[in-house]
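Please work out how this folds:
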Amino acid sequence: MRVVLCGYYGMGNGGDEALLAALLQMLPPHVTPVVLSGNPDATRRDHGVEAYPRKSLAGIWAAFKGAEGFIWGGGSLMQDATSALNPIYYGGLMLWAQLRGLKTVAWAQGIGPLQRGWARRLAYKTYHQCTGVTVRDRASAAQAANWGVRAWLSPDPVWALSSTPVPGLADFPAPRVAVSLRSHPWLTPDRLANFGEALANFQTATDASILLVPFQASNDLAIAEAIAPQLPGPHQILSLTDPRQLKGVFRGVEMAIAMRLHALIMAAAEGCRCFALSYDPKVTYLAEDLAMPGWEMAPVTDPVMPTDFALAAWPDSAAAMTQTWLKHYANGLPASPEQIQSRVDRALIHQEMLQRFLADS
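The predicted structure is shown next:
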């Protein structure tokens, strides 16, 4: 069965590449995957699959030729917070696949935010017409239920992604702390300056080595490069493209401080203490699930989607940041082995649903 996989693939984002790797790991053996990618050559090389350009009509036509199925492959695709083009692109492809009579799966979805009425109507229509839907958080499950869409709730599939060690990383001095930041309007120059000062003070107090881990070079690398010169002790910028190695970074790391959702998931799955910097409800939902400490980045004048769980407000001073991290470093606990295994086991529900939705008929 030829199945087209559609997500934010080939865009240099480690979290989305990890979702693709997890999806490929979970596909039934009778499925031949065809990926729509921003960089088809890299996708073919890194994942060993057939791939076509995601924004080319000719590429999309070639990908769909002979296809029997179509998958939204994980993540917050149907949302208009970052761009109104997202629901147009992903929703348009899903509608086209449905009109062609393909089996259509919305897999491991984070639904929303959807601020525009037309985007909500488009999402409602496409989810209703899917062969099957799985979601990765309670808020998405609640939205699906509100729409009358039957959706299976399971943790993010990256919990179940296999990890591999990073060559040479074991030689980097321990203890280690990993940091993953991304560009965002709420990470202002003043906040970034305070963060760098606080991290330098934290390193001085703990003698920890700092691993700066950009998940998407175009958004994250400049921030890592700005922080690195401020650090007084051992530090390293790790730019990795293999999602399994990216997850393997967090082996032997004492604590992770991260904005990136999948940095926090990978770190938690590898038994690392985590501290969340939430710029998006999806990060807050993860923090709630694991009772993870952290800070809400949204200014009071620019609130995020409300949740039942509240993180602390972003501190005003570098000293307050350092003290909070030191307390968590000394007394915080990682997810327990039972918590980790439970989420890995439940993440495999996404695999079971793929087998059901894409049954060879």
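
from here on, contacts and neighbour counts on C-alpha atoms
Noted.

Report how far apart the opening and closing residues of stretch 240-257 are.
18 Å (Cα to Cα, to the nearest Å).

which residues touch it?
12, 14-15, 17-18, 21, 46, 161-166, 169, 175-180, 215, 263-264, 266-267, 270-277, 329 (Cα atoms under 8 Å, 6 or more residues apart in numbering).

6 Å - rerun?
With contacts defined as Cα atoms under 6 Å, 6 or more residues apart in numbering, stretch 240-257 is touched by 18, 163-166, 176-179, 266-267, 270, 272-275.

Is the closest residue to residue 336 other than its chain neighbours in a helix, a strand, or coil?
If the residues on either side of it in the chain are set aside, residue 336 comes closest to residue 271, at 7.4 Å by Cα to Cα, 6 or more residues apart in numbering. Using DSSP: H, G, I helix; E, B strand; the rest coil, the structure places residue 271 in coil.

Strands of the stretch 1-150 of the chain, start to end?
Here the stretch 1-150 of the chain has its strands, by DSSP state E, counting those that start in this stretch, at 2-6, 32-37, 50-53, 69-75, 103-109, 132-135.

one step back: of the contacts of stretch 240-257, buried ones?
18, 163, 166, 176-179, 266-267, 270, 272-275 (16 or more other Cα atoms under 10 Å).

from those, which is closest to residue 99?
residue 18 (29.6 Å; Cα to Cα).

how close does the closest residue to that closest one other than its chain neighbours sit to residue 166?
Of all residues beyond its chain neighbours, the one nearest residue 18 is residue 243 (4.9 Å), with distances taken as Cα to Cα, 6+ apart. Here the distance between residue 243 and residue 166 works out to 11 Å (Cα to Cα).

Next, the buried residues of the lengthiest helix in the chain.
Criterion DSSP state H: the longest helix present in the chain is helix 189-206. By neighbour count on 16+ other Cα under 10 Å, the buried set for helix 189-206 is 191-203.

Show residues contacting whichever helix or strand comes after that helix.
Once the chain leaves helix 189-206, the next helix or strand it forms, by DSSP states H and E, is strand 209-212. Strand 209-212 is contacted from outside by 176-179, 224, 234-237, using Cα under 6 Å, 6+ apart.

From residue 275, how far off is the residue nearest to residue 111 when sequence neighbours are not counted?
Distance criterion Cα to Cα, 6+ apart; nearest residue to residue 111, sequence neighbours excluded, is residue 140 at 5.0 Å. When distance is defined by Cα to Cα, residue 140 is 23 Å away from residue 275.
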